[in-house]
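Chemist: when you get a sec, could you give me coordinates for this:
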Amino acid sequence: MKKISNVFYITIGLIILAVGYGAIAPESFAAVTANVKDFIASSFGWYYMVLMSVMVVLAVFFIVSPYGKIRLGKDTDRPQFSTITWIAMLFSAGMGIGLVFYGAAEPLSHFAINPATEQPNTDAAFKEALRQSFFHWGFHVWAMYGVIALSLAFFQFRKGEPGLISSTLKPIFGKKMVGPWGVLVDVFAVFATSFGVATSLGFGAVQINAGLNYLFGVSIGISSQFAIIGIVTVLFIISAWSGLSKGIKYLSNTNLVLALALLGFIIILGPTLLIFNMFTDSFGGYLANFVQMSFGTAPLDSTKRDWLDTWTIFYWAWWISWAPFVSMFIARVSKGRTIREFMVGVLVAPTLLGSFWFAAFGTTAIEIQKKDISDIASASTELTIFEIFNTMPMSMVISVFAILLIASFFITSADSATFVLGMQSTNGSLTPPNTVKLTWGIIQSTIALILLSVNGLTALQNTIIIAALPFSFIILLMVVSLIKALQAEARAMKLKK
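Modeler: Residues are numbered from 1 along each chain as shown. Model (predicted):
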């Protein structure tokens, strides 16, 4: 394969070792990764809280500072995609299937086991459940993605560097990032991306399988999940083959239409007025308690601390582990936008859309539970959303919409990942060869299939979260490097005037 770099071969070797360990000794793999993950959560939770909050401060700084006028590209460049398509791409790559998976299940869980009021199933717990969901999927996540993507896009499109994580560190380390140290950084990013997306493929297959079983009686098991992954693999490879401006663009727009249609069903058939009131009140509470939520580590409350480790710290590590993939994709589709336009779009649009999604699905789920219409709290996470639809008119139609949306998000995430992995293993090429994308598509699906067969997805998820800790240090270096480069760019722009 032409253009291929050493990053590809080294990462493949590491993948074989990790997957081999998980397949041959799944119990040992699960125990080791769980212990390390728990240690990191308890020992570095404060660090994750501070790091993610710093990302928010930096995102706001880039919006209001003079650097906001700098364009991600040449001064004459303009965006390749319309704003709506661009937001659809951010939404699909950054969260996608997670919103369908957790949109109702997470608020319902917080309502039943509430860390703030310690009085579950109360009105206070209801509001707190939505605030916590907004917090976990809101400004902190998108600020982190935005800052990393900004660094990648600035160096790639403004400075003409390859689209690699290692390239963003050149202002600090210089030519060292062209040699073995640069390869090490890029291998780490590719490894995290391939395993993160493989995990998503596995969980997506489980939810589609659960939905098909719920609606049509399709058996739940490894054979059905293998078939689902096989079909999805063919579809996302076809999409990847068609290129960024066709496959991913059309899929992202389809995702947005399907998501809005499903959201519309919930608003109309659910407790409409309550949804809008709960969103307004709870989002206001989220903003009012923003600082306290951002830095709260519950040092003197072991019960709440356990909850934080399970939810908030887990999420921060999980989002950091996804950053190489999501941020690279966001950077790739953002050429031509100013830093201010870019950061406002990345920070605000997905946060508002995601928060309203949680308000709509969470409020509906909690109301159903409160009124004893159905005991959906006892349902598994992947079935929660279908249990909600079962209480509504046209339940079959809505459920089919949901399955189509899950599948579409599923395909888009995998398609985006093959593109990013192709870039990273061909020295940052903006148009990686189809053969490379095809290879990565097959590798991602193979990882998911092998680990599904030995119940190793949770251990794989733990592995990615463990990888978030060292990558977080790379993020800090990227920030320092970006600020240093922006200062130099600002000085150069003044000299041109």
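Chemist: ranges for the helices of the stretch 151-300 of the chain?
Modeler: 170-173, 180-216, 222-242, 249-269, 272-288, 290-295 (DSSP state H, counting those that start in this stretch).
Chemist: and of those, who's closest to Ala112?
Modeler: Evaluated over the helices of the stretch 151-300 of the chain, closeness to Ala112 peaks at helix 272-288, with 16.7 Å, by C-beta to C-beta. Quick note: C-beta positions are derived from backbone N, CA and C, even for glycine.
Chemist: tell me the angle the closest one makes with helix 249-269.
Modeler: 120 degrees (axes from the mean of the first three to the mean of the last three C-alpha atoms, to 10 degrees).
Chemist: packing partners for helix 272-288?
Modeler: helix 123-137, helix 339-370 (3 or more C-beta pairs under 8 Å, 6 or more residues apart in numbering; DSSP states H and E).
Chemist: show me the contacts for Met89.
Modeler: Counting by C-beta atoms under 8 Å, 6 or more residues apart in numbering, Met89 touches 81, 248-249, 252, 329-330, 333.
Chemist: so, low pLDDT: which residues of the protein?
Modeler: Low-confidence segments of the chain, defined by pLDDT under 70: 1-2, 93-94, 96, 115-118, 239-248, 456-457, 497.
Chemist: now for Gly221: which residues touch it?
Modeler: Taking C-beta under 8 Å, 6+ apart, one finds Asn209 in contact with Gly221.
Chemist: ramachandran coordinates for it?
Modeler: phi 170, psi 180 (degrees, to the nearest 10).
Chemist: what's the distance between it and Leu452?
Modeler: Separation of Gly221 from Leu452 (C-beta to C-beta, to the nearest Å): 10 Å.
Chemist: kindly report the same for Ile63.
Modeler: 42 Å.
Chemist: these two - which one has more neighbours?
Modeler: Shown here are Ile63 and Leu452; by other C-beta atoms under 10 Å, Leu452 has more neighbours (21 against 18).
Chemist: host element of that one?
Modeler: helix 434-453 (DSSP states H and E).
Chemist: what's that helix packed up against?
Modeler: Checking 3+ C-beta pairs under 8 Å, 6+ apart, helix 434-453 ends up next to helix 6-24, helix 180-216, helix 222-242, helix 395-424, helix 457-496.
Chemist: relative to Leu90, which of the ones you listed is closest?
Modeler: Across the helices and strands packed on helix 434-453 (criterion: C-beta to C-beta), the nearest stretch is helix 395-424, sitting at 10.7 Å.
Chemist: which neighbouring elements make contact with that closest one?
Modeler: Partner elements for helix 395-424 (3+ C-beta pairs under 8 Å, 6+ apart): helix 83-94, helix 97-102, helix 180-216, helix 222-242, helix 249-269, helix 312-332, helix 381-389, helix 434-453.
Chemist: and the first one with helix 312-332, angle?
Modeler: This points to helix 83-94. Using the same axes, to 10 degrees: helix 83-94 against helix 312-332 is 140 degrees.
Chemist: again with the fourth one
Modeler: When the same axes, to 10 degrees is applied, the directions of helix 222-242 and helix 312-332 differ by 30 degrees.
Chemist: follow-up on the earlier one: out of the helices and strands packed on helix 395-424, which one sits most buried?
Modeler: Among the helices and strands packed on helix 395-424, helix 312-332 has the highest mean neighbour count (mean count of other C-beta atoms under 10 Å), at a mean of 25.
Chemist: and the angle for that one with helix 123-137?
Modeler: 40 degrees.
Chemist: now distance to Phe279 too, for the helices and strands packed on helix 434-453, in CSV please.
Modeler: Output for these, formatted as CSV (distance: least, C-beta to C-beta, whole Å):
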stretch, distance to Phe279
helix 6-24, 41
helix 180-216, 25
helix 222-242, 32
helix 395-424, 20
helix 457-496, 30
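Chemist: and Met55, which of the ones you listed is closest to it?
Modeler: helix 457-496 (8.1 Å).
Chemist: make TSV from the helices of the stretch 151-300 of the chain and add distance to Glu341 to it.
Modeler: Output for these, formatted as TSV (distance: least, C-beta to C-beta, whole Å):
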stretch	distance to Glu341
helix 170-173	24
helix 180-216	26
helix 222-242	28
helix 249-269	19
helix 272-288	23
helix 290-295	24
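Chemist: of those, which is nearest Gln424?
Modeler: helix 180-216 (4.8 Å).
Chemist: by contact count, what packs against that closest one?
Modeler: helix 6-24, helix 97-102, helix 222-242, helix 312-332, helix 381-389, helix 395-424, helix 434-453, helix 457-496.
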